[in-house]
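# Sharing a sequence plus its predicted fold:
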Amino acid sequence: MSLPPVYLVDASIYIFRAWFSMPDEFVNLRGEPTNAVYGFAGFLCSLLEQTGAEHVAIAFDESLTTSYRNEIYPEYKANREPAPDELKRQFSWARAVAEAMGLQCFGDGRYEADDLIGTLAEIWRAKGHPICVVTADKDLAQLVRENDHWWDFSRNQKLNARQLTEKFGVSPRQMADYLALTGDPVDNIPGVPGVGPKSASALLGHFGDLDELYRRLDEVQHLGIRGAKSLQKKLTDHREAADLARRLTVIETAVESALSSPELGRLEVDTARLNRLFDELAFGGMLRQRCLRA
């Protein structure tokens, strides 16, 4: 008998999506915006209603601006506009709502939500559970193995390892190396200048991983890749950039704060706390009832 899947949710994606998509008219009695919390709570209800999930983790970025990756590369994510105070306030409310719904929440001052998800994925896969990473972030595809899924919930795109390979042109295990070569402008990771998605996919298809590529770098000029000779020079000249980028793109899988408390079983809904929160947030009865019975 197969064990039930474990759902690992990348909270920030869905909070930001709600912030941009839900009307500004959602405010509490003090006039503070609550639209992101409202949309996030609705997303959680939909996820639980559709899956009947028994094991769920909601991973939050405790800091939206810094992580251990900034110690390695200070410019990491420096291209992003800081979240306004009106949104930062909603992150704490979103976590409080998730906790009141009986869901296990995780955050760490030094590590990102991706790393918490990576750690929990390793723990629960070792227990025999398939993993479902609920996100729209391609970085997290690197965690998917056989029987696992990457689920962009809002677009209803649920992909296994084979389908991810078709979507991105590299296998999940190659995703960190792929991003190290191409760079990741979303996170301000430069990668190797001049290496695009097609070249990166072809290189990893031939060599398997970044280490093997650099061990056999002399072969690059003989490959049937457009601009192979210049590509070899680019890779040679920017070896340090590729190595740095990979340190940034690899997801950590041994974060102590997640290792020390990895239980993900759903708890009873804290009715009193949820009602207090919804009173404070001035949310109506329909969403309240959905959350209470989720």
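Received it, and whenever you're ready, just let me know what you need.

# Would you mind splitting the chain into its domains for me?
6-161+252-293, 172-249 (automatic domain parsing).

# going on from the helix or strand bottoming out on mean pLDDT in the chain, what's the next piece of helix or strand?
When the helices and strands of the chain are compared on mean pLDDT, DSSP states H and E, helix 256-259 comes out lowest with a mean of 88. For helix 256-259, the following helix or strand on the C-terminal side (DSSP states H and E) is helix 271-281.

# Contacts for that following helix, please.
The contact list for helix 271-281 (CB atoms under 8 Å, 6 or more residues apart in numbering) reads 28, 34, 37-38, 93, 96-97, 99-101, 287-288, 291-292. Where you see a C-beta, it was placed from the backbone N, CA and C, and this is true even at glycine.

# just these now: which is nearest L120?
E99 (16.5 Å; CB to CB).

# I'd say that closest one and C105 touch.
Yes: between E99 and C105 there is a contact under CB atoms under 8 Å: 5.4 Å.

# looking at the contacts of helix 271-281, which has the most residues close by?
Neighbour tally across those (other CB atoms under 10 Å): the maximum, 28 neighbours, falls on V37.

# ok, now which ones touch it?
Applying CB under 8 Å, 6+ apart to V37 gives the contacts 15, 18, 90, 93-94, 97, 281.

# From D24, how far out is the nearest residue in space to it that is not next to it in sequence?
Of all residues not flanking V37 in the chain, W93 sits nearest, at 4.5 Å (CB to CB, 6 or more residues apart in numbering). Using CB to CB, to the nearest Å, W93 is found at 16 Å from D24.

# ok, now which ones touch the spatially most distant residue from the centre of the chain?
For the chain, the largest distance from the centre (CA atoms, centre = their mean) belongs to H222, which lies 37.0 Å off. Shown in contact with H222 (CB under 8 Å, 6+ apart): A228.

# for the one 4 residues further on, same thing?
By CB under 8 Å, 6+ apart, the contact list for R226 reads S199.

# Mind pulling the model confidence for it?
If you check R226, the pLDDT there is 83.

# tell me the phi and psi of it?
When read as degrees, to the nearest 10, the backbone of R226 gives phi -60, psi 130.

# Could the C-alpha coordinates of the helix or strand hosting K229 be exported in CSV?
Mapping K229 onto the secondary structure by DSSP H and E places it in helix 228-237. Provided in CSV are the C-alpha atoms of helix 228-237 (Å, rounded to 0.1, in the frame of the first residue of the first chain):
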residue,chain,number,x,y,z
ALA,A,228,30.7,25.8,-30.1
LYS,A,229,34.2,27.3,-30.3
SER,A,230,33.2,30.6,-28.8
LEU,A,231,31.1,28.8,-26.3
GLN,A,232,34.2,26.9,-25.0
LYS,A,233,36.0,30.2,-24.5
LYS,A,234,33.1,31.7,-22.6
LEU,A,235,32.9,28.7,-20.3
THR,A,236,36.7,28.9,-19.7
ASP,A,237,36.7,32.7,-19.1
